[in-house]
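1. Sequence first, then the predicted structure:
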Amino acid sequence: MAGNQNTASVKTGVRALPFKERAAYTWKEIKRNRASYVLLAPFMILFVLFTVVPVAMAIGLSFTYYNIIEPARFIGWDNYMRLFLDDSVFLISLRNTMVFAVVTGPLSYLACLLFAWFINELRPKIRAIATLFFYAPSISGNVFFIWTYIFSADSNGLLNGLLLKLGLVKTPVLWLMNPEWTLGIVMVVQLWMSLGTSFLSFIAGLQGVDRTLYESGALDGIKNRWQELWHITLPSMKGQLMFGAVMQITAAFSVADVSSALVGNPSPLYSAHTIVLHMMDYGTVRYEMGYACSIAVILFALTLASNFAVRKLIKPGD
Amino acid sequence: MSSRRVGLKSTRSIGGNILITICLTLVACFMVLPLVYTVNLAFKPINELLKFPPTFFVRHPTTQNFKDLFAALGNSFIPLSRYLFNSIFISAVGTFGHVILASMAAYPLAKNKFPGKNFMFQTVVISLMFSGFVVNIPRFLLMDSLGWLDTYYAVIVPMMVSTLGLYLMKQFMEQINDAILEAARIDGASEFRIFWRIVMPNVKPAWLTLTLFAFQASWNDSGSVSLYIRQEAMKTFPLALSYVQAGGLARMGASAAVGFILMIPPITIFILTQSNVVETMKSSGMKD
């Protein structure tokens, strides 16, 4: 904290100087910290090249028609107009993505928090095992394909087998082919995989809460665990809550692989089509790079806007 | 811990404890059963795989599916071991490179003051706030113009500069005591020496965490390989899964065997690093 104030005062001190002296001071600082820049250089150069430049390229190309073979041709806002006025599949993918963002995102966030909190009450050994159980699906990656065998409509479908045996259905349900079910199933599997980095961050945050706060809270009249959570625990881990929100929002907007692996790409009647799948379709199958980039820009703007909105909502540090 | 238990007694109702235990157990089953099912399928003999109605647990475990798996792809022009080798190579190089590059960059961001520092870190934080898919298409064009398509550079290099790792490492390094670094500077140690000899040994939990995350991401990656690599012999293990699955029901056991091989390494690494990972995540909070 003291260090931060120090920099702040140095900064205002420098700002008061005329430009020439300020530039000279900055240059001196840069030279003094040569080693820092050298250490940063490999990561930062590659990061700029493979993340910052592509974002700029996406924005630039989104205003062009570009098919790789011919040079890009500037067409103004045409791609965006086409997206919203002329591409009904995009609108479906946008709607589905928003459903993920509004339902799966918050649900997964609450699940991370709730289960981290429940697990935190367990004894250390059991806690470690429970953490592993909840976290394992998110690091098992492509193993989510196992859900195709669970929901499969043929004789090997585990769920249908169970339902038939219990007499709940008479004929197998076409889980992965019926547009009424597909989106819901992708959401279930997405939730299954969503107790990842945020979940670990919450577990760590809960363990890091100052124990004495709980004792003084009990003296101050905290009656049950819910009050304790609301008045003591959550305010002490706002930083983790913020970090978790960023992770879950970003993930909720990135649904693609699970949808295409489980219900196909395109899914029945585009019922589980997402923005990312639509973008990859135009970018890697149809080679309409400009159009694909305009979809990427929409995704970029949507995710950033959601993150900043939620950031305002949680407002850490007060 | 014991003092906490005493403090807890008054705020924890028995009814609540029971409710939470039931809820935890149910959801734990939902989380773990699909993975258990994968393991069971992988070891089922063919007659159990095709049984109707399907059974959950294996009765007479066999390694036949694994043999079939290697045999099935052994007849095609690329053997399965090749996919496996590619995956191991990409994950190993990508993870190692990421840990080194991210740690190098995190140290000055955490501990030194220099012009441009805040701007750089803010850019890194913003990059966490949008989906990685945003850059897919332009990155493809970039790789094309660099001549990196069909090379492992296209897959490995972007992996090495994943910003989540840099973010976590920087947050963790902030806890290092400035006095130690200052003492080393007075003794005339260079920044590189301080980084390698003092900082790195002190952030072992963080680099184990970065190892877990980077390995997990690269081991499971199928998106960037299928985007940048067209040569079959260079593709990775997760992509072999789709070929095996394309064989339909007869390959169900072999697919589950692939799933089994896919999930074992990340889960093992997590078991080995769990306490370090939790330690690292304590500093993962976003402050501003």
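-> Perfect, I can see it now.

2. Excluding residues flanking it in the chain, which one is nearest the residue of the stretch 101-250 of chain B found nearest chain A?
-> Going by CB to the nearest CB, chain A is nearest to B:N220 of the stretch 101-250 of chain B, at 2.8 Å. Just so you know, the C-beta spots here come from the backbone N, C-alpha and C atoms, and that holds for glycine as well. Closest residue to B:N220 apart from its sequence neighbours, by CB to CB, 6 or more residues apart in numbering or on different chains: A:G141 at 2.8 Å.

3. residues touching the one you found, list them.
-> Residues near A:G141 by CB atoms under 8 Å, 6 or more residues apart in numbering or on different chains: B:216, B:219-220, B:238, B:262-263, B:266.

4. Check what pLDDT it gets.
-> Note on A:G141: pLDDT of 87.

5. for B:G147, same thing?
-> At B:G147, the pLDDT recorded in the model is 96.

6. tell me, how many neighbours does the residue of the stretch 151-300 of chain A found nearest chain B end up with?
-> Going by CB to the nearest CB, chain B is nearest to A:G239 of the stretch 151-300 of chain A, at 1.9 Å. Residues near A:G239, counting by other CB atoms under 10 Å in any protein chain shown, number 22.

7. Would you map the strands across the stretch 151-288 of chain B?
-> In order along the chain, the stretch 151-288 of chain B carries no strands (DSSP state E, counting those that start in this stretch).

8. how deep is A:P172 tucked in, by neighbour count?
-> Around A:P172 there are 16 residues (other CB under 10 Å).

9. and it, that's in a strand?
-> No: secondary structure of A:P172 (DSSP: H, G, I helix; E, B strand; the rest coil): coil, not part of a strand.

10. Tell me if I'm right that it and A:G157 touch.
-> Yes: taking CB atoms under 8 Å as the definition, A:P172 is a contact partner of A:G157 at 6.2 Å.

11. Number of residues surrounding residue 67?
-> Reading this off chain A. 14.

12. Can you look at chain B instead?
-> Residues near B:K67, counting by other CB under 10 Å, number 13.

13. A:L164 too?
-> 18.

14. same question, A:E215
-> 15.

15. on contacts alone, who are the packing partners of the strand or helix carrying it?
-> According to DSSP states H and E, A:E215 maps onto helix A:211-219. Packed against helix A:211-219 by the contact rule (3 or more CB pairs under 8 Å, 6 or more residues apart in numbering or on different chains; DSSP states H and E) you find helix B:2-9.

16. for the helix or strand following the helix it packs on, which positions count as buried?
-> Past helix B:2-9, heading to the C-terminal end, the next element that is a helix or strand (DSSP H and E) is helix B:14-42. Buried residues in helix B:14-42, counting neighbours by 16 or more other CB atoms under 10 Å in any protein chain shown, are found at B:20, B:24, B:27-28, B:31, B:34-35, B:37-42.

17. Same check on stretch A:56-76?
-> Result for stretch A:56-76 [16+ other CB under 10 Å]: buried residues A:57-66, A:72, A:75.

18. same thing with stretch B:266-276?
-> Buried residues in stretch B:266-276 (16+ other CB under 10 Å): B:266-267, B:269-270, B:273-274, B:276.

19. can you check stretch A:154-171 too?
-> Buried, per 16+ other CB under 10 Å, within stretch A:154-171: A:156-161, A:163-164.

20. helix or strand for A:L176, which one?
-> Judged by DSSP H and E, A:L176 forms part of no helix or strand.

21. got a list of what it touches?
-> Here A:L176 is in contact with A:148, A:151-153, A:182, A:185, A:262-264 (criterion: CB under 8 Å, 6+ apart).

22. Let's see which of these end up in helices.
-> A:148, A:151, A:182, A:185, A:262-263 (DSSP state H).

23. Show me the two of those that sit farthest apart.
-> A:T148 and A:T182 (12.1 Å; CB to CB).

24. Looking at these two, which one has more neighbours?
-> A:T182 (26 against 20).

25. The more buried one against A:N265, yeah?
-> No: applying CB under 8 Å, one finds A:T182 not in contact with A:N265, separated by 11.5 Å.
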